[in-house]
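J.: For reference, the sequence and a predicted model appear below.
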Number of protein chains: 6
Amino acid sequence: MKVTVSRKAHFNAAHRLYRKDWSHEKNDEVFGKCNNPNFHGHNYELTVSVTGNIDQETGYVIDMKVLKDIIKNEVEDAFDHKNLNVEVPAFKDLNPTTENIAVVIYNKIKPKLDGELDLEITLYETPRNFVTYSGS
Amino acid sequence: MKVTVSRKAHFNAAHRLYRKDWSHEKNDEVFGKCNNPNFHGHNYELTVSVTGNIDQETGYVIDMKVLKDIIKNEVEDAFDHKNLNVEVPAFKDLNPTTENIAVVIYNKIKPKLDGELDLEITLYETPRNFVTYSGS
Amino acid sequence: MKVTVSRKAHFNAAHRLYRKDWSHEKNDEVFGKCNNPNFHGHNYELTVSVTGNIDQETGYVIDMKVLKDIIKNEVEDAFDHKNLNVEVPAFKDLNPTTENIAVVIYNKIKPKLDGELDLEITLYETPRNFVTYSGS
Amino acid sequence: MKVTVSRKAHFNAAHRLYRKDWSHEKNDEVFGKCNNPNFHGHNYELTVSVTGNIDQETGYVIDMKVLKDIIKNEVEDAFDHKNLNVEVPAFKDLNPTTENIAVVIYNKIKPKLDGELDLEITLYETPRNFVTYSGS
Amino acid sequence: MKVTVSRKAHFNAAHRLYRKDWSHEKNDEVFGKCNNPNFHGHNYELTVSVTGNIDQETGYVIDMKVLKDIIKNEVEDAFDHKNLNVEVPAFKDLNPTTENIAVVIYNKIKPKLDGELDLEITLYETPRNFVTYSGS
Amino acid sequence: MKVTVSRKAHFNAAHRLYRKDWSHEKNDEVFGKCNNPNFHGHNYELTVSVTGNIDQETGYVIDMKVLKDIIKNEVEDAFDHKNLNVEVPAFKDLNPTTENIAVVIYNKIKPKLDGELDLEITLYETPRNFVTYSGS
């Protein structure tokens, strides 16, 4: 019996969309006002979904307290109240689009889970825009 | 790396559920108060989800501004503040159930996307009722 | 000890904003696409708030089941799945703007409450637009 | 054309997480404050999603009134304002974790649907924690 | 310049509405299924609103971290995952209606605030029912 | 008949809480991680509420399209995708706390409204923290 359990979390961060190897004109053309060199920011709303069998002893797929701690350690402590471009190493050479942030979060959380568990990341950049990534 | 990006939008419209080729009694029996001949209406909340590979240059699956414009042109301008039965050609001979509206929206947006992108439509008729269609 | 208790409800309806005594041009100028003669519609989300003293015996300001029934009788049964302009007598000569609908709802519910209770109506026409009326 | 139609519902209940065959210490260690012997409770928010072909006559996958009645009979009447451990037979020997409650709801609703319809249950225990189960 | 700052929090609890000094029949008549002797429960969503002047030095009415800690100490630690009737002394002889819970929360938080600050408590028992209390 | 009409809007921005005339240590002590010199950011959700008499001709307190345009000109165009500390003149010498941002928004919108209309600003910095200001 495969069940998916999901936990919501959130973090606030500043970011800017641009590529160092592009001209300012090209960055503006492609990324528009998201390329503001003084940065802008978001309240990122995160849902972490873990799929696996129900443990017949506990009735849990994963202990929600364990999942909550993984999210805190890997995502909230690393990203909250940070400037993603300047302070988060994963985005040193990677444009912090919502797509790329979701992939980075997936890659940070996946190794902390038991190998037989599947993972899906949903990340809202604004209440109207969000992305989903499940590792394939 | 396949990622799904989603954009929310909304439109308000009037509609009525009925079939011209059925008697008034049968329409009432099947569609109940949704068959009110004077129409009723909804705030339709729409989520358009597009799945594809992340462009390694931009970090985007699809530029959200492009997707926003497609939704505006194909759905909002065509449906918002309209009477679906009377003013939207797609429902001339098609009952505007939430299921059918979602399929019509899918069929309008899909040809505007690059061929390798997958599309899913989620449409809320009320905060408690919604449908999902992904073209198969 | 004055406490306010609130109950949410909702109804779907069609409507059109216009004045019979104005020309079509003037209606279009003032009400824009809300003047569509074929109607459009909304999911109206309603909050009914009642303020009064806590009954020391029951711990209630008003029994929520009683309030729920008043809302059902006065608002949901009268407005839900209706065309406000055509089928609701209160709007025969009154433009069904959100402001006016809120006042009509207030005037229908107030006489059903004990005289010492205060009433406030909050009505969402869309998730982004709403009005509040408390009778003064 | 396969479409998924979803209906939201909710119920309030008390519960406690524990196993009769475990010591109090082990229950506390595994279930923490969820093992409070005096119970605690939740507003469970439920989404029932049914997938099938659109009926070409009605434009429905399933009549939402039918689905609403199934949810009321099988879930709301059975669970609402109840103590899950004490009053709901399904949890006599089954720990009422969100995972297990979702499976029980699936098993109650599935036999009431036409055989060709697929079913998915999403159950929120809190606004931040939820599970999804689709029978496999 | 008076500004109101608000902080949301939540707690889960079990409760039962009844009066020890009433017969079972009268309790059932007045409180209906809320009088279930085995308890039921809710996710209580709380908003604590504090009104005062903006401190010209900090730009704060109250440091949100201070308010968050007061809510944690006075409400979350005292009520979360508890049976209100059995385990919370304030409800030993007080029926835990939403109205009374809001008043109890007000009376716990008010003395922890600077005297010139006003306080308002909003408490959701369910997504559809809530109460507001501001101490008068 | 005084009615309040409200319109929701939003903007994304980066900011940092600190005072130039304080030491880094004091800024850290008072503003904690909100004093990150590389900035962080938020999705600010704004509700603008205008109170006045219903115009008996139109049924409006204020034309929502007019209010929407005022919000766009005064707030969205000025703040969206901006760094509040660096790019918005109002915060050159004013700490951009949520309290101060709400007051600035009030002071920008109030002169654009007819003199007899009252104004209230509600501003969410995160889904859990918000402030309200009505000019007194």
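T.: In hand now; what should we look at?

J.: Does chain F have contacts with stretch A:122-135?
T.: Yes: where contact is defined by C-beta under 8 Å from any C-beta of the partner chain, part of stretch A:122-135 touches chain F, namely A:T126, A:P127. The C-beta positions use only the backbone N, C-alpha and C, and glycine is treated the same way.

J.: hey, what's whichever residue of chain A sits closest to chain F bridged with?
T.: Distances from chain A to chain F, computed as C-beta to the nearest C-beta, single out A:G41 as the nearest residue at 0.7 Å. According to DSSP bridges, A:A14 are recorded as the beta-bridge partners of A:G41.

J.: Next: the one 5 residues further on.
T.: Assessed by DSSP bridges, A:L46 has beta-bridge partners A:A9, A:L123.

J.: pLDDT at it, what is it?
T.: According to the per-residue confidence, A:L46 scores 98 in pLDDT.

J.: who touches it in this structure?
T.: By C-beta atoms under 8 Å, 6 or more residues apart in numbering or on different chains, A:L46 lies in contact with A:K8, A:A9, A:H10, A:F11, A:I71, A:V75, A:I105, A:I121, A:T122, A:L123, A:Y124.

J.: Would you format the residues you listed as JSON lines with neighbour count and pLDDT included?
T.: Rendered in JSON lines, the data for the contacts of A:L46 read as follows (neighbours: other C-beta atoms under 10 Å in any protein chain shown; pLDDT from 0 to 100):
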{"residue": "A:K8", "neighbour count": "17", "pLDDT": "98"}
{"residue": "A:A9", "neighbour count": "17", "pLDDT": "98"}
{"residue": "A:H10", "neighbour count": "20", "pLDDT": "97"}
{"residue": "A:F11", "neighbour count": "21", "pLDDT": "98"}
{"residue": "A:I71", "neighbour count": "22", "pLDDT": "98"}
{"residue": "A:V75", "neighbour count": "23", "pLDDT": "98"}
{"residue": "A:I105", "neighbour count": "24", "pLDDT": "98"}
{"residue": "A:I121", "neighbour count": "25", "pLDDT": "98"}
{"residue": "A:T122", "neighbour count": "20", "pLDDT": "98"}
{"residue": "A:L123", "neighbour count": "26", "pLDDT": "98"}
{"residue": "A:Y124", "neighbour count": "21", "pLDDT": "98"}
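
J.: Can you mark which positions in stretch A:112-129 are buried?
T.: Using 16 or more other C-beta atoms under 10 Å in any protein chain shown as the burial criterion, the residues of stretch A:112-129 that qualify are A:L113, A:L117, A:L119, A:E120, A:I121, A:T122, A:L123, A:Y124, A:E125, A:T126, A:R128, A:N129.

J.: For chain A, which segments are assigned as strands?
T.: Listed in chain order, the strands found in chain A under DSSP state E are A:2-15, A:40-53, A:82-83, A:118-126, A:129-133.

J.: Pipe the ones you listed into JSON lines and attach distance to C:F91 per row.
T.: Below are these laid out as JSON lines (distance: least, C-beta to C-beta, whole Å):
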{"stretch": "strand A:2-15", "distance to C:F91": "42"}
{"stretch": "strand A:40-53", "distance to C:F91": "40"}
{"stretch": "strand A:82-83", "distance to C:F91": "53"}
{"stretch": "strand A:118-126", "distance to C:F91": "37"}
{"stretch": "strand A:129-133", "distance to C:F91": "38"}
